[in-house]
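[1] Give me a 3D structure for the following:
(2 chains)
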There are 2 protein chains.
Amino acid sequence: MPTYRHLTIGAIIFPKLDQIDFTGPFEVLSRLPDSTFHVLAKQREPVRDIHGLILTPELAFDEAPPLDVLIVPGGSGLDAFMEDEETLAFIRRQAARATCVFSVCAGALLCGAAGILQGVRATTHWTAFHLLGYFGAIPVDARVVIDGKIVTAAGVTAGIDGALRVAAILRGDEVAQQIQLAIQYAPDPPFHSGSPETAPPKVLEAAKAAAQPITEGRLVIAKRIAQKLGVSVTHR
Amino acid sequence: MPTYRHLTIGAIIFPKLDQIDFTGPFEVLSRLPDSTFHVLAKQREPVRDIHGLILTPELAFDEAPPLDVLIVPGGSGLDAFMEDEETLAFIRRQAARATCVFSVCAGALLCGAAGILQGVRATTHWTAFHLLGYFGAIPVDARVVIDGKIVTAAGVTAGIDGALRVAAILRGDEVAQQIQLAIQYAPDPPFHSGSPETAPPKVLEAAKAAAQPITEGRLVIAKRIAQKLGVSVTHR
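    Below is the predicted model of the structure:
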């Protein structure tokens, strides 16, 4: 655990993010004692998530203070920023001094595009998992992966599990446990359909088909970025 | 499962709601095929959640269409609306025709205050559980309780489990399973601290102490409402 000090936490939002990639970690980490949570975006204008929810950033990238924790969510809109130099430079600049960079879902791809996952063990949404290698990351099939100061969570709701791990790293287990109790996080999903290994085959096939256009588009982008980063992906 | 038709879903938001009580169900139910999700509030003005997140409603109560599903979240700001006749009348009016009324966390108290939980089995956040009787509800200690068209979820994150149950009721198990896989909801909390039964005693004591001012204030309100509803709570 680092020395106790006020924590400045920031999350990036962008059009067509998947809102709970952001609101899950917000729920947990906005409860950390002695901390400030900033909602950040390229421009200080409201954005809509993939299903239309309006979220409002309060600081533009160039107004953001140095962050102790940088949160990077995913969502289909991410693709538009994977080659956006302003966004990538912001991530690189903040990551260089942060105590923790925490990606959720395909947010790992944005971190990867910024070049901060090279040689780093990482995870992402199951539909994007095969893309991690293009960013020089070492794919680890786990719900949350912690490698040095980089914390990556798998798809969407894994951000809640990841955020509790981040809370424990930053403020200790007892604080994280108090937050878990306050948000009554004793999950009890009605089905065993939350991962490709446990979902019924028919459900998995439908989900893969639904994700295919996004996944194909991301592969094209990932290949370009691999070239830019000088990452060779021989076995794919 | 009711006859297949377009579903109109609406969630109430208000100042100092607990945002994931709303964004959890939004994440699940905004993915239902052939549905529209409305974010509703007393006035069409942005609100801040208990930790400052800005959320923006798109319709005021008096602009809302008849809803098939009404979602009522909780959060400390709820207390200000438990005796607000405009809010209570809106809930009663929508509940009368809805296929499903779905409360999350202390949202059950608001439904209770509207008089729609009388004789209904229900749950809520563990810190508010002892208040359910004041609204004539039958307290059931479960993560999600379904009684006729009333679905109540326990605290905060229980809204995700509840929403998957609602999704299954509205569109069948397979659709709910597809949503669960898309949001990779295979939760893996790092601690067993998500309920008062499993949290370490020290953590539970701290959480109870932190909740006490809110709980005491709500008891006063609940007693007034019990009188208004004509509910006698003899054993408390």
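[2] In a helix, A:A176, correct?
    Yes - per DSSP: H, G, I helix; E, B strand; the rest coil, A:A176 lies within a helix segment.
[3] From chain B, how far out is it?
    Shown here: A:A176 relative to chain B, a distance of 6 Å by C-beta to the nearest C-beta, to the nearest Å. Every C-beta, even on glycine, is put in place using the N, C-alpha and C of the backbone.
[4] swap in A:V151?
    Distance, A:V151 to chain B, by C-beta to the nearest C-beta: 12 Å.
[5] what about that residue, which SS state?
    Applying three-state DSSP: A:V151 is strand.
[6] Look at A:D188 and tell me its secondary structure.
    Secondary structure for A:D188, judged by three-state DSSP, is coil.
[7] Contacts only, for the closest residue in space to it that isn't next to it in sequence.
    Nearest non-adjacent residue to A:D188, counting by C-beta to C-beta, 6 or more residues apart in numbering or on different chains: B:R143, 4.6 Å away. The contact partners of B:R143, taken as C-beta atoms under 8 Å, 6 or more residues apart in numbering or on different chains, are A:186, A:188, B:123, B:153-154, B:158, B:161-162.
[8] out of the residues you listed, who's nearest A:A209?
    B:D161 (26.4 Å; C-beta to C-beta).
[9] is it fair to say that closest one lies in a helix?
    Yes - assignment of B:D161 by three-state DSSP places it within a helix.
[10] burial count for it?
    B:D161 has 23 neighbouring residues, counting by other C-beta atoms under 10 Å in any protein chain shown.
[11] Model confidence score at it, please.
    On pLDDT, B:D161 comes in at 98.
[12] wait, it sits on B:V144?
    Yes - B:D161 sits in contact with B:V144 when judged by C-beta atoms under 8 Å, with a separation of 5.4 Å.
[13] shared neighbours of those two, anything?
    A:188, A:190, B:153.
[14] Quick check on the second one: phi, psi?
    As for A:P190, its main-chain torsions (degrees, to the nearest 10) stand at phi -70, psi -20.
[15] Centre of the chain to stretch A:196-206, how far?
    Relative to its parent chain, stretch A:196-206 has a centroid offset of 24 Å by C-alpha atoms, centre = their mean, to the nearest Å.
[16] Can you tell me which of the shared contacts of B:D161 and B:V144 is nearest B:D18?
    For the shared contacts of B:D161 and B:V144, the minimum distance to B:D18 (C-beta to C-beta) is 12.1 Å, reached by B:A153.
[17] Pairing partners for the closest one in the sheet, please.
    B:V104, B:V144 (DSSP bridges).
[18] hang on, isn't it packed against B:C111?
    No - taking C-beta under 8 Å as the definition, B:A153 is not a contact partner of B:C111, at 11.6 Å.
[19] Those two: which has the busier surroundings?
    B:A153 (36 against 27).
[20] Let me see the contact set for that one.
    B:102-105, B:123, B:143-145, B:159, B:161-163.
[21] State the distance from A:C100 to chain B.
    15 Å.
[22] Show me what the closest residue to that residue other than its chain neighbours is bridged to.
    Distance criterion C-beta to C-beta, 6+ apart; nearest residue to A:C100, sequence neighbours excluded, is A:V69 at 4.7 Å. Judged by DSSP bridges, the bridge partners of A:V69 are A:I9, A:C100.
[23] these two touch, right, A:V69 and A:A95?
    No - look at A:V69 against A:A95 with C-beta under 8 Å: they stay out of range, at 10.6 Å.
[24] any common contacting residues for those two?
    A:V101.
[25] Compare these two (neighbour count), which wins?
    Neighbours around A:V69 and A:A95, counted as other C-beta under 10 Å, are more numerous at A:V69. The numbers are 27 against 19.
[26] Select the longest helix from chain A.
    helix A:201-229 (DSSP state H).
[27] Does that one pack against any helices or strands, and if so which?
    Under the contact definition 3 or more C-beta pairs under 8 Å, 6 or more residues apart in numbering or on different chains; DSSP states H and E, helix A:201-229 sits against helix A:107-113, helix B:173-182.
[28] Alpha carbons of the first one, in PDB - could you do that?
    What it means is helix A:107-113. The C-alpha atoms that make up helix A:107-113 are tabulated as PDB, following Å, rounded to 0.1, in the frame of the first residue of the first chain:
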ATOM      1  CA  GLY A 107     -10.600  -0.100 -22.300                       C
ATOM      2  CA  ALA A 108      -7.600  -2.300 -22.400                       C
ATOM      3  CA  LEU A 109      -7.400  -1.900 -26.100                       C
ATOM      4  CA  LEU A 110      -7.200   1.900 -25.700                       C
ATOM      5  CA  CYS A 111      -4.500   1.500 -23.100                       C
ATOM      6  CA  GLY A 112      -2.800  -0.900 -25.500                       C
ATOM      7  CA  ALA A 113      -3.100   1.600 -28.400                       C
END
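[29] That helix and chain B in contact?
    No - using C-beta under 8 Å from any C-beta of the partner chain, helix A:107-113 never reaches chain B; the gap is at least 12.8 Å.
[30] can you state the direction angle for the longest helix of chain A and helix B:173-182?
    20 degrees (axes from the mean of the first three to the mean of the last three C-alpha atoms, to 10 degrees).
[31] what bits of chain A have low per-residue confidence?
    A:1-3, A:234-236 (pLDDT under 70).
[32] farthest residue from the center of it?
    A:K202 (27.9 Å; C-alpha atoms, centre = their mean).
[33] quick one: that residue and A:S195, what's the gap?
    Using C-beta to C-beta, to the nearest Å, A:K202 is found at 15 Å from A:S195.
[34] so what's A:C105 up against?
    A:C105 neighbours (C-beta under 8 Å, 6+ apart): A:18, A:21, A:73-75, A:124-125, A:128, A:153-156, A:158-159, B:184.
[35] Looking at the residues you listed, state which has the most neighbours.
    Per-residue neighbour counts (other C-beta under 10 Å) across the contacts of A:C105 peak at A:A153, which has 36 neighbours.
[36] which residues sit in contact with A:A186?
    Per C-beta under 8 Å, 6+ apart, neighbours of A:A186: B:143, B:189, B:194-195, B:198.
[37] So which of those residues wins on neighbours?
    Of the contacts of A:A186, with other C-beta under 10 Å as the count, B:G194 tops at 28 neighbours.
[38] Right, I'll call it a day here.
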